[in-house]
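Novice: below is the structure, and that's it, no one-letter string:
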């Protein structure tokens, strides 16, 4: 499971996560394989869950950018990708 998946799973409604864990246990698969069978439910989570995910992902991405000393370099990336 990626760090990004862990943010999503940690922010999903408890009842959905419980159903996903039950499915994973029943199918003897890792929780990361629940994305496909639960896509409809995941895609329909409420805005409060989406906001929580967005906040966690933003904070982690910001930490990565700062850790790699990449702050302010987005224009260079765009430039290189458009050449």
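Specialist: Structure received. Owing to the predicted nature of the structure, the values given are computational and were not obtained by experimental measurement.

Novice: my read is that residue 60 contacts residue 5, right?
Specialist: No. Contact status for residue 60 versus residue 5: not in contact, 12.0 Å apart, counting by C-beta atoms under 8 Å. Quick note: C-beta positions are derived from backbone N, CA and C, even for glycine.

Novice: shared neighbours of those two, anything?
Specialist: Taking C-beta atoms under 8 Å, 6 or more residues apart in numbering as the contact definition, residue 60 and residue 5 share no neighbouring residue.

Novice: now residue 72: phi and psi?
Specialist: When quoted as degrees, to the nearest 10, the phi and psi of residue 72 stand at phi 80, psi 10.

Novice: could you count how many residues lie near it?
Specialist: Per other C-beta atoms under 10 Å, the neighbour tally for residue 72 reads 8.

Novice: is residue 32 in a helix, a strand, or coil?
Specialist: Residue 32 falls in the helix class when you classify it by DSSP: H, G, I helix; E, B strand; the rest coil.

Novice: separation between it and residue 67?
Specialist: Computed as C-beta to C-beta, to the nearest Å, the residue 32 to residue 67 distance reads 25 Å.

Novice: can you pull the contacts of residue 24?
Specialist: Shown in contact with residue 24 (C-beta under 8 Å, 6+ apart): 30, 31, 33, 34.

Novice: now do the first one, the pLDDT please.
Specialist: Reported pLDDT at residue 30 in the predicted model: 95.

Novice: and it, its phi and psi?
Specialist: Here is the backbone geometry of residue 30 (degrees, to the nearest 10): phi -70, psi 150.

Novice: separation between it and residue 23?
Specialist: The spacing between residue 30 and residue 23, counted by C-beta to C-beta, is 11 Å.

Novice: between the two, who's got more neighbours?
Specialist: Summary of the neighbour comparison: residue 30 and residue 23, criterion other C-beta under 10 Å, with residue 23 having more neighbours (15 against 9).

Novice: my guess is that one contacts residue 41, does it?
Specialist: No. In this structure residue 23 lies outside contact range of residue 41 using C-beta under 8 Å: 10.8 Å.
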